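Asker: take a look and give me a structure for this.
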Amino acid sequence: MGILSAPKDTMDYSIWDPLTLKLHPTIKTQILATIPEFVPKEAIKEIFILGSVTGYKWDEESDLDVNVRVPLEEITDEAHIKRKKTNGRLAFNTKHPINYFLQPYEYKASWQDAHFGVYDVLGDVWVSPPVERATIRDPKQEFYFDLMFAQQKLSAFRAIVRKWKKYAAIKNPTEHEAALIKKFFSDARSFAQHIDEERKLEYKWGWGIPRKNWRNIVYKLIEHSDVGPEFEYLKELK
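Answerer: Numbering: from 1, shown residues only. Modelled structure (predicted):
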């Protein structure tokens, strides 16, 4: 769950070399071979790995977020369609899905103010080192009040989903029941897409990954809950 995961004692050695903490060459090769599937190789200016896998709050199946910076004209609808088709492939010899994100390249990225690890894939170097393990707090303590708020949001969404599925399971619904199905489905979809849009704000403000904020905590709690599959389905509906 990333931000809500209990910190591990070590970094994830299935991704990072335990001695040098550099990216395993096989995963680097995989990343460099995949990106040209959605943008031209010569357009690639910078590639960074971000997210929970760059520190100690990782899970076995945490996403490996790859931020690809290219000239703005290369970020087309077609590029996004092709990019999404590559997302979700597992990093070599791990259970970590790799997700690629396109960012416009205007000038060389500066990461001195980042409060998380950032790895430069092309340079094979940490441009923002992982946060020291001793400074990481248990998320249940660090985000105590945010989690209380997120639990309320989760309970509200769970209630809407249950009502929607309850009426959707009725065979030959009456006109009134059909109206309730439509209402609860619409409410659930609006709820999920609002949570998704809120989190996207964090991406815009946080170098392409969500910051430590209640918006991201609400999203993560719902995403990994018993109604997570419904949330994933509803938030993507057009």
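
Asker: and the next element down the chain from the lowest-mean-pLDDT helix or strand in the chain?
Answerer: The helix or strand of the chain with the poorest confidence is helix 139-142; it has a mean of 74 (mean pLDDT, DSSP states H and E). The element immediately downstream of helix 139-142 (helix or strand, assigned by DSSP states H and E) is helix 144-168.

Asker: quick one: buried residues of that next one?
Answerer: For helix 144-168, the neighbour count (16 or more other Cβ atoms under 10 Å) marks 146-147, 150, 153-154, 157-158, 160-161, 163-164, 167 as buried. Just so you know, the C-beta spots here come from the backbone N, C-alpha and C atoms, and that holds for glycine as well.

Asker: just those now: which is nearest residue 178?
Answerer: residue 167 (8.2 Å; Cβ to Cβ).

Asker: who are the contact partners of that closest one?
Answerer: Residue 167 is in contact with 173, 177, 180-181, 184, counting by Cβ atoms under 8 Å, 6 or more residues apart in numbering.

Asker: now residue 102
Answerer: By Cβ under 8 Å, 6+ apart, the residues touching residue 102 are 38-39, 68, 70, 74-75, 79-80, 83.

Asker: tell me which of the contacts of residue 167 fall in helices.
Answerer: Using DSSP state H, 177, 180-181, 184 are the members of the contacts of residue 167 that sit in helices.

Asker: now pLDDT and distance to residue 129 too, for those residues, in a markdown table please.
Answerer: Formatted as a markdown table, the ones in helices among the contacts of residue 167 follow (pLDDT from 0 to 100; distance: Cβ to Cβ, whole Å):
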| residue | pLDDT | distance to residue 129 |
| --- | --- | --- |
| 177 | 94 | 58 |
| 180 | 94 | 54 |
| 181 | 94 | 52 |
| 184 | 95 | 48 |
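
Asker: and the most far-flung residue of the chain relative to its centre, what's its pLDDT?
Answerer: In the chain, residue 174 marks the outermost C-alpha relative to the chain mean, sitting 40.6 Å out by Cα atoms, centre = their mean. Listed pLDDT for residue 174 reads 95.
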